[in-house]
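Trainee: 3D, please:
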Amino acid sequence: MQGKVGYNARKLQVLEYLASCYSCTARELASDLGLEIHNARILLRRYWKQGLLGRQKCKTGEFVYYLTERGRRRLYYLTGVLTLDK
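Mentor: Down below sits the predicted model:
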């Protein structure tokens with residue numbers, strides 16, 4: 001499990017992950033980023049409500065999330081902001 005990560009750093013991490021794999025479930029995100037499943041679900045739902053992610057329900061009842069155009073713009077913005085802060 002990872003240590004505490006800042007709000008924007010976590011958002012950047014999730015958006016970069018989705019940009020690289022195109023779509024994922026909360027279970028996949030949790031496994032690959034070392035998060036608790038509950039935390040992954042909360043993050044994905046929050047970013048979906050913000051319009052950064054889209055989602056579709058699959059046959060198993062799980063949501064599959066993907067990056068929206070707004071999410072791509074936020075990723076671009078965060079990449080620049082967090083790079084300048086270092």
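Trainee: surely residue 43 meets residue 15?
Mentor: No - with contact defined as C-beta atoms under 8 Å, residue 43 does not count as touching residue 15 (10.4 Å). Yep, even glycine has a C-beta here, placed from its N, CA and C like the rest.
Trainee: may I see the buried residues of the lengthiest helix in the chain?
Mentor: When the chain is parsed with DSSP state H, its longest helix is helix 69-85. Within helix 69-85, the residues scored as buried using 16 or more other C-beta atoms under 10 Å are 71, 74, 75, 78.
Trainee: residue 21: what's it in contact with?
Mentor: Contacts here follow C-beta atoms under 8 Å, 6 or more residues apart in numbering; on that basis residue 21 touches residue 28.
Trainee: let me know the pLDDT of it.
Mentor: At residue 21, the pLDDT value in this model is 93.
Trainee: can you tell me which helix or strand of the chain has the lowest average pLDDT?
Mentor: Least confident helix or strand of the chain, by mean pLDDT, DSSP states H and E, is helix 69-85 with a mean of 82.
Trainee: any weak-confidence spans in this structure?
Mentor: Scanning the chain for pLDDT under 70 picks out 1-5, 81-86.
Trainee: strands along the protein, start to end?
Mentor: 23-24, 53-57, 63-67 (DSSP state E).
Trainee: wait, which of those is closest to residue 32?
Mentor: Among the strands of the chain, the nearest to residue 32 by C-beta to C-beta is strand 23-24 (7.8 Å).
Trainee: and the residue nearest to the spatial centre of the chain, what is it in contact with?
Mentor: The residue lying closest to the centre of the chain (C-alpha atoms, centre = their mean) is residue 14, at 2.9 Å. Residues counted as contacts of residue 14 (C-beta under 8 Å, 6+ apart) are 29, 33, 43, 44, 47.
Trainee: which two in these are spaced the farthest apart?
Mentor: 33 and 47 (13.4 Å).
Trainee: and the two? Which one has more around it.
Mentor: residue 47 (22 against 18; other C-beta atoms under 10 Å).
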